[in-house]
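Q: here is a sequence together with a model predicted from it:
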Amino acid sequence: MSGSASSGAGLLKAKLYIMAGALLFSTGGAAIKLSTLSGWQLSCFRSLAAGIALLLLSPAARGNWTWRSLLVAVPYATTFTLFTLANKLTTAANAIFLQDTAPFYILLLSPLLLGERIRRVDIGFMAALVIGLGLIFASSREPTVNAANPELGNVLAACAGLSWALTVLGLRWLAVRAGSHAESPLSAVVMGCFLAFAIGGWFGLPVESSSIQDWLIVVYLGIFQIALAYLFITAGVRHVPAFEASLLLLVEPVFSPVWVWLLLEELPGALALTGGALVIVATAIYAGLQGRDSAELAAKNGARPPVLDVESR
């Protein structure tokens, strides 16, 4: 009885870790908009803070830096940079909703990169994401103080979805190799942070004006919104079935627009909310179907349901 209670408490703790990490991720859009630093500058400094924090907090990030890690770091740094720039140009809701269409690109690229065939359920999911994508793009409005160029911001956020898909595929590739090679996916994340720092510095430096608030936001984004969030999720996903973890991670796109609304009174358009809701609901349903299939397969083979790869978010 005590063993069962302990196991249940451990699972609850793991789920809370995932939700805490997703909540921290969700604050990124609001924090980026609150800073007066440019998108390039903010990407530069928050990437540096995140890379240093991960090196200090996670031993796994300090070694096994290979050319493969650098290869995966490129799309990771691209995502980091594009997402920051997009949040400066469009609404936080559009930025996160468009980046969260990454599963569409993953499914589209899987036959080419992973040799996996696309199933009927995958086609339905991809169709829902395409419709959601279209609704979000159709919601473009006039520029505002917090969204200076919505159309360009939407394009950058959609590109971030593609680069994030490539990052996920690359990190999974490293995770599979880690079992037999001296490679750590987390090292690619750290390398990506430092690469994003270099890119942001090239286009954003020098800083002509800033405030204490700007640098506090940089510290928050690097240490808490990125590094601590990764560590929370890393601690949680190893003990939670994949489909449950995927659902818990949806806390991020749900709460991201909420923080911006509360702090900056930024309201996304009705079409954007509809498209975002479609993306979130479709992802939840798809994760549930994937979880059911995995559980049935595990039951047939007498194995435990798979847990989500640490690097899949």
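A: Perfect, I can see it now.
Q: what about the helices in the stretch 1-150 of the chain?
A: Counting by DSSP state H, counting those that start in this stretch, one finds helices in the stretch 1-150 of the chain at the ranges 2-26, 28-34, 39-57, 67-89, 92-99, 102-113, 120-138, 150-177.
Q: of those, which approaches residue 250 most closely?
A: Distance to residue 250, taken as C-beta to C-beta, is lowest for helix 2-26 among the helices of the stretch 1-150 of the chain, at 7.5 Å. Backbone N, C-alpha and C define where each C-beta goes, glycine included.
Q: who are the packing partners of that closest one?
A: Judged by 3 or more C-beta pairs under 8 Å, 6 or more residues apart in numbering; DSSP states H and E, the packing partners of helix 2-26 are helix 229-237, helix 242-248, helix 251-264.
Q: what are the buried residues along it?
A: Buried positions in helix 2-26, judged by neighbour count with 16 or more other C-beta atoms under 10 Å: 14, 15, 17, 18, 19, 20, 21, 22, 23, 24, 25, 26.
Q: rewinding a little: which one of the helices of the stretch 1-150 of the chain is the most hemmed in?
A: Highest mean neighbour count of the helices of the stretch 1-150 of the chain: helix 92-99, a mean of 29 (counted as mean count of other C-beta atoms under 10 Å).
Q: state the mean pLDDT of that one.
A: For helix 92-99, mean pLDDT rounds to 95.
Q: and what of stretch 149-158?
A: Average pLDDT, stretch 149-158: 95.
Q: and that stretch, C-alpha only, in CSV?
A: What follows is stretch 149-158, C-alpha atoms only, in CSV (Å, rounded to 0.1, in the frame of the first residue of the first chain):
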residue,chain,number,x,y,z
ASN,A,149,4.6,44.4,-37.9
PRO,A,150,2.1,41.5,-37.5
GLU,A,151,2.4,40.1,-41.0
LEU,A,152,6.2,39.8,-40.8
GLY,A,153,5.9,38.5,-37.2
ASN,A,154,3.5,35.8,-38.3
VAL,A,155,5.9,34.7,-41.1
LEU,A,156,8.8,34.5,-38.6
ALA,A,157,6.7,32.6,-36.1
ALA,A,158,5.7,30.1,-38.8
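Q: pull the distance from that stretch to the chain's centre.
A: Remark: stretch 149-158 is offset 17 Å from the chain centroid, using C-alpha atoms, centre = their mean, to the nearest Å.
Q: which other residues reach it?
A: Residues outside stretch 149-158 that contact it (C-beta atoms under 8 Å, 6 or more residues apart in numbering) are 82-83, 85-91, 94-99, 101, 133, 136-137, 140-143, 147.
Q: now the helices of the stretch 1-150 of the chain in a markdown table, with distance to residue 202?
A: Putting the helices of the stretch 1-150 of the chain into a markdown table (distance: least, C-beta to C-beta, whole Å) gives the following:
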| stretch | distance to residue 202 |
| --- | --- |
| helix 2-26 | 26 |
| helix 28-34 | 19 |
| helix 39-57 | 8 |
| helix 67-89 | 11 |
| helix 92-99 | 22 |
| helix 102-113 | 26 |
| helix 120-138 | 29 |
| helix 150-177 | 17 |
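Q: alright, I will stop here.
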